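Undergrad: Quick one: sequence plus predicted model below, questions after.
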Amino acid sequence: MPPVSGIEVLAVPGMAELRPGDDLAGEILRCAPELADGDVLVITSKVVSKVEGRLIATSGDPAERERARQQAIEDETVRVIARRGPLRIVETRHGLVMAAAGVDASNVAGGEIALLPRDPDGSARRLRAEIAERTGRQVAVVVSDSMGRPWRHGITDVAIGAAGLAAVQDRRGERDRHGNLLEMTEVAVADELAAAADLVKGKLSDIPVAVVRGFDAGGYPDDGRGAAALLRDPGSDLFRMGTAEALALGRAQAGGSDPGPDTAALHADVLATLAAIPLDPADGTGQAAIREGFYGLLAARPDATRRACVPGHVTASTLLLDAEARRVLLTLHPRVGAWLQLGGHLEDTDSSLLAAAAREAAEESGIAEIVLDPVPVNLDVHPITCSLGLPTRHYDVQFVGRAPAGSEPAISSESDDLRWFEVDDLPADISPELPALVARAVRRVTGL
């Protein structure tokens, strides 16, 4: 394989709006610079879908169009990998794993929806043959589509079809300059070309084709597998099992119980409450990552709102401040042996997570008319042996509350002691997380 000292990525502007049956090869040759042997043509899949008639006509009504799009996603899906709200990550009939099965309503007329080409590798082979017949040039063709990546923000273009080059460069068995044996290195050449080409194409540029020059595709002989070579086989795919499948298996292995209709609404309310918290993954608090842990528990365990859920369960607590936000009411917890905020387990009769926090705060403080901020101030997960009697984890959703002026607390049977403390003079025997929670609660209520 020859070394590449540099490449050019050339946009192909000026192409007409193509329709089913139009001459794609002819339109590319009309607008592209003169092609040379070894050039790589990268073509967005949307253009291929248009000329191949992979379009669904809908009415101009947005609601009807969305219904048609959802049905198209269903029809193109062979397996749902993950789902959150309306978003579905699925495996398509091509074996691709992507959002919404590649069904797209962008860069098409208002009354249409585009599907992926039926056979992107076949489309690439046919276009390459037509270019060779008309020009005598041997070019490679990559059909690209945009795709998100796990654990990474943003989309990038990848190859879903390829002809005229090997889509994967296998470097296993070679040695680097230091003599180290490469054991895992397979380079997704076609994906890298697709991503490079999209720097001059893109969804908003109205340029669906680019030429990558200087790469010399002839140095990467076509192995006949096309972009299908990029699809990992099930036996080597560590993430093959979709979320729903993994949760079903885990639930069966763990013996998770169905919460029944009495807690389904509470389970849904916990999810909605978590989703309403404005968290920034980059703020350094780790709260966004902790919330993902909550989501995982709630997805895996329909009984996560019940204390009987041994792997862990949701609890609700309240950091109760006085009317001036100068003092905080803490309880000396008999089981933990430290001063903590008020709180406890959810009950099946609780109408919401907020209601559970309010109930616990009233029961443990003896104070009526506590006002709670409906948006939690903090999330916390900690191991504990609670009233369940077994080692478990509390997924604690923490609220901030204000007591009416002049409120006098009354100790309950759930506490060894109950006292007001100045927010800047907390007792020594507290949980390590409590000072930060108090500070966050004070900032929430005072805005300082």
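TA: Nice, thanks for sending it over.

Undergrad: Tell me the helices and strands packed up against the helix or strand containing residue 444.
TA: For residue 444, the host element (DSSP states H and E) is helix 434-446. Secondary-structure packing of helix 434-446 (3 or more C-beta pairs under 8 Å, 6 or more residues apart in numbering; DSSP states H and E): strand 313-321, strand 327-332, strand 378-385, strand 391-402. All C-beta spots, glycine's among them, are computed from the backbone N, C-alpha and C.

Undergrad: Kindly compare burial across the ones you listed and name the winner.
TA: With neighbours defined as mean count of other C-beta atoms under 10 Å, these peak in mean count at strand 313-321, which reaches a mean of 26.

Undergrad: Next, the angle from that strand to strand 378-385.
TA: Here strand 313-321 runs at an angle of 120 degrees relative to strand 378-385 (axes from the mean of the first three to the mean of the last three C-alpha atoms, to 10 degrees).

Undergrad: where does the protein dip in pLDDT?
TA: Applying pLDDT under 70 to the chain picks out residues 1-3, 243-245, 247-261, 448.

Undergrad: which residues touch the residue most central in space within it?
TA: Using C-alpha atoms, centre = their mean, the residue of the chain that lies closest to the mean C-alpha position is residue 150, 6.8 Å off. By C-beta atoms under 8 Å, 6 or more residues apart in numbering, the contact list for residue 150 reads residue 239.

Undergrad: Name the secondary structure element that contains the nearest residue to residue 13 once chain neighbours are set aside.
TA: Leaving aside its sequence neighbours, residue 13 sits nearest to residue 207 (C-beta to C-beta, 6 or more residues apart in numbering; 5.3 Å). Taking DSSP H and E as the definition, residue 207 sits outside all helices and strands.

Undergrad: Starting from residue 238, give me the distance back to residue 207.
TA: Using C-beta to C-beta, to the nearest Å, residue 207 is found at 37 Å from residue 238.

Undergrad: When those two are compared, which one has more neighbours?
TA: Just comparing residue 207 and residue 238: by other C-beta atoms under 10 Å the higher neighbour count belongs to residue 207, 18 against 6.

Undergrad: these two touch, right, the more buried one and residue 10?
TA: No: at 10.3 Å, residue 207 does not count as touching residue 10 under the criterion of C-beta atoms under 8 Å.

Undergrad: what residues do these two have in common as contacts?
TA: Residues touching both residue 207 and residue 10 (C-beta under 8 Å, 6+ apart) are residue 200.

Undergrad: Any chance you could list what contacts the helix holding residue 444?
TA: 319, 321, 325, 328, 330, 339-341, 373, 377-378, 380, 398, 400, 402, 423, 426, 448.

Undergrad: quick one, that helix and strand 378-385 angle?
TA: If you take the same axes, to 10 degrees, helix 434-446 sits at 150 degrees to strand 378-385.

Undergrad: CA-only coordinates of helix 434-446, as CSV, when you get a sec.
TA: C-alpha atoms of helix 434-446 as CSV (Å, rounded to 0.1, in the frame of the first residue of the first chain):
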residue,chain,number,x,y,z
LEU,A,434,-23.5,17.0,53.2
PRO,A,435,-21.6,20.3,53.2
ALA,A,436,-21.7,20.5,49.4
LEU,A,437,-25.4,19.7,49.4
VAL,A,438,-26.1,22.4,52.0
ALA,A,439,-24.1,24.9,49.9
ARG,A,440,-25.9,24.0,46.8
ALA,A,441,-29.3,24.3,48.5
VAL,A,442,-28.5,27.7,49.9
ARG,A,443,-27.4,28.9,46.5
ARG,A,444,-30.6,27.6,45.0
VAL,A,445,-32.9,29.4,47.4
THR,A,446,-30.9,32.7,47.7
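
Undergrad: What are the buried residues along it?
TA: Using 16 or more other C-beta atoms under 10 Å as the test for burial, helix 434-446 gives 434, 437-438, 440-442, 444-445.

Undergrad: Which member of the residues you listed is positioned nearest residue 122?
TA: Minimum distance to residue 122 across the buried residues of helix 434-446 is 57.8 Å, recorded for residue 440 (C-beta to C-beta).

Undergrad: tally of neighbours for residue 133?
TA: Counted with other C-beta under 10 Å, residues neighbouring residue 133 total 9.

Undergrad: Show the backbone phi and psi for it.
TA: Per-residue torsions, residue 133: phi -70, psi -40 (degrees, to the nearest 10).

Undergrad: Residue 60: neighbour count?
TA: Residue 60, neighbours per other C-beta under 10 Å, totals 9.

Undergrad: sec struct for residue 211, please.
TA: Three-state assignment for residue 211 (DSSP: H, G, I helix; E, B strand; the rest coil): strand.

Undergrad: So it versus residue 49, what's the distance?
TA: Distance from residue 211 to residue 49, counting by C-beta to C-beta: 21 Å.

Undergrad: And these two? Which one has more around it.
TA: Between residue 211 and residue 49, residue 49 has the larger neighbour count (other C-beta under 10 Å), namely 25 against 22.

Undergrad: that's a strand at the more buried one, yeah?
TA: No: Residue 49 is assigned helix when assessed by three-state DSSP, not a strand.

Undergrad: Excluding chain neighbours, what is closest to it?
TA: Spatially, and ignoring its direct neighbours in sequence, residue 49 is nearest to residue 114 (4.8 Å; C-beta to C-beta, 6+ apart).

Undergrad: Confirm for me that that neighbour is in contact with residue 44.
TA: No: Residue 114 is beyond contact range of residue 44, at 10.4 Å (criterion: C-beta under 8 Å).

Undergrad: Ends of stretch 275-284, what's the gap?
TA: With C-alpha to C-alpha, to the nearest Å as the measure, stretch 275-284 spans 19 Å from end to end.

Undergrad: Can you point out the buried residues in that stretch?
TA: The neighbour-count check on stretch 275-284 (16+ other C-beta under 10 Å) flags residue 279 as buried.
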